[in-house]
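Here is my input; please provide its structure:
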Amino acid sequence: MKFCKLFPFLRNIFCGKRRVQPRAAADDFEIAYNRQRQQREAAVDRILDKISAKGTGSLTKKEREILNRR
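Numbers count the residues shown, from 1 in each chain. Here you go, the predicted structure:
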């Protein structure tokens, strides 16, 4: 135990209980990733609907970039 008091930065490694990262952080990341993915897919769907209605000439530069990234 003296070792843990002399070197507090090593306390979590060698002394006492180890802390486990909560699963909630990973779940939050997954939820955010899925939300962003759905938003990207919705944007692509809107662009494809626009192409079917008005043709490719009606696309803006930003819309073309979005499709090129896909």
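
which residues in this protein form helices?
Using DSSP state H, the helices of the chain run over 2-6, 11-14, 23-54, 61-69.

With mean neighbour count and mean pLDDT as extra columns, can I get these in TSV?
(C-beta placed from N, C-alpha, C; glycine too.) Shown next, in TSV, are the helices of the chain (neighbours: other C-beta atoms under 10 Å; pLDDT from 0 to 100):
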stretch	mean neighbour count	mean pLDDT
helix 2-6	9	61
helix 11-14	11	63
helix 23-54	11	90
helix 61-69	11	92
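
Which residues are in contact with the nearest residue to residue 63 once chain neighbours are set aside?
For residue 63, ignoring the flanking residues on the chain, the nearest one in space by C-beta to C-beta, 6 or more residues apart in numbering is residue 47 at 5.0 Å. Residues near residue 47 by C-beta atoms under 8 Å, 6 or more residues apart in numbering: 59, 63, 66, 67.

Looking at the residues you listed, which two lie furthest apart in space?
Distance extremes for the contacts of residue 47: the farthest pair is 59 and 66 at 9.2 Å, using C-beta to C-beta.

sorry, back to before: among the contacts of residue 47, which one sits closest to residue 53?
Residue 53 lies nearest to residue 59 out of the contacts of residue 47, by C-beta to C-beta, at 11.5 Å.

Confirm for me that the closest one is in contact with residue 51.
Yes. Residue 59 lies in contact with residue 51 (C-beta atoms under 8 Å); the separation is 6.9 Å.

overlap in contacts of these two?
By C-beta under 8 Å, 6+ apart, no residue touches both residue 59 and residue 51.

And residue 53, how close does it get to residue 59?
Here the criterion is C-beta to C-beta, to the nearest Å. By it, residue 53 lies 12 Å from residue 59.

for residue 67, same thing?
For residue 67, the distance to residue 59 - C-beta to C-beta - is 8 Å.

same question, residue 28
On the measure of C-beta to C-beta, residue 28 and residue 59 end up 35 Å apart.

pLDDT at residue 16, what is it?
Looking at residue 16, its pLDDT reads 62.

before we move on, what about residue 22?
64.
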